[in-house]
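> here's a sequence, model it:
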Amino acid sequence: MTWRPIRLAAAALGITLGAALTVAAAPARVVSINLCTDQLAMMLAAPGQLASVSWLAADPRSSAMAAAAGGYRLNHAQAEQIFLMHPDLVLAGKYNAAATVSLLRRLGVTVVQIAPATSFADVRRNLLAVGAALGREAQAREMADRFDADLAALRVTGETPAPAALYYPSGYTPGAGTLADEILKLTGFRNIAAQAGVSGGGTLPLEKLVMARPRLIVTSAPYPGESRAEEILRHPALRDVRAQAMHVTSDADWVCGTPKLLGAVAKMAQARRALEGGK
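Got it, this is the predicted structure:
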């Protein structure tokens, strides 16, 4: 009897296994088909263990590890392509590429799915889950402990939370129960969207943003070309609000729940201190 399928299933659920199971051989050929598992795998895999990551991992607009991704074969999360790579483990997101995951499993390929992180605690859990799946538990624990320590050092204390808005194309905003909301709270800000009742991802009417008078606005860098979704970011009312507030542009560090998130936290902590200094 092989313990490997049991071990991998438990890793996806963050279950700690006994010593008898941890002796199972680590996977030798791993493929990741999700932007966030791509980055976790690149951080944790042993040399030569990771065979392929998704094409999104090489896009600097969405990936905090685009340069590193250039050293791997890129995939488009297609079952036929992945199967022909002969992986003994595929890492996937919980909600993406459902058809690919289903077909790979029917073909006998082991797939571990990782849920997106919506909290700092999830970042640690996902590090440990991917580490267990790769047979790199010790490295994952070390990285998770370092993440916790670095995060604690960036916490902004002693300041009254300042109103802040996260505002993206089509008026999209992360509300309560999101990783972005946790970043705001840790660095001394109050999320206007969460206060307005937005839970998870949602939209915030521009009128509510204007009336809330944020002291800081976080928006994304525009993509090349023209987009109707981005027109709201050029609205005169938002321009007037931005003229009276500090502005931060989000980047790839914000996208996935990995230790790269510390870059976004550091930027926000710096902005909060600058804001307090300027009153």
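> distance from stretch 230-241 to the middle of the chain?
27 Å (CA atoms, centre = their mean, to the nearest Å).
> that one: which residues count as buried?
Judged by neighbour count (16 or more other CB atoms under 10 Å), stretch 230-241 contains these buried residues: Glu230, Ile232, Leu233, Leu238, Val241. Where you see a C-beta, it was placed from the backbone N, CA and C, and this is true even at glycine.
> and the first one, that's in a helix?
Yes: under DSSP: H, G, I helix; E, B strand; the rest coil, Glu230 falls within a helix.
> surely it is in contact with Ala221?
No: here Glu230 lies out of contact with Ala221, judged by CB atoms under 8 Å, at a distance of 10.3 Å.
> what are the boundaries of the helices in the stretch 101-250 of the chain?
Using DSSP state H, counting those that start in this stretch, the helices of the stretch 101-250 of the chain run over 120-134, 137-154, 179-186, 192-195, 206-212, 236-243.
> now the ones you listed as CSV including mean pLDDT?
As requested, the helices of the stretch 101-250 of the chain are exported to CSV (pLDDT from 0 to 100):
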stretch, mean pLDDT
helix 120-134, 98
helix 137-154, 98
helix 179-186, 97
helix 192-195, 96
helix 206-212, 93
helix 236-243, 89
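> any chance of a markdown table for the ones you listed, columns distance to Ala252?
Shown next, in a markdown table, are the helices of the stretch 101-250 of the chain (distance: least, CB to CB, whole Å):
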| stretch | distance to Ala252 |
| --- | --- |
| helix 120-134 | 15 |
| helix 137-154 | 17 |
| helix 179-186 | 14 |
| helix 192-195 | 21 |
| helix 206-212 | 24 |
| helix 236-243 | 22 |
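> reformat the buried residues of stretch 230-241 as TSV; add distance to Gln81.
Listed next are those as TSV, based on distance: CB to CB, whole Å:
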residue	distance to Gln81
Glu230	32
Ile232	37
Leu233	36
Leu238	42
Val241	46
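> so which two of the residues you listed are the farthest from each other?
Within the buried residues of stretch 230-241, Glu230 and Val241 form the most distant pair, 16.5 Å apart (CB to CB).
> contact partners for the closest residue to Gly201 other than its chain neighbours?
Excluding the flanking residues, the one nearest Gly201 by CB to CB, 6 or more residues apart in numbering is Pro174, at 5.7 Å. Neighbouring residues of Pro174 by CB atoms under 8 Å, 6 or more residues apart in numbering: Leu166, Ala180, Asp181, Asn191, Ala193, Val198, Gly200, Gly201.
> same deal with Ile232?
Pro169, Ser170, Gly171, Leu206, Leu238.
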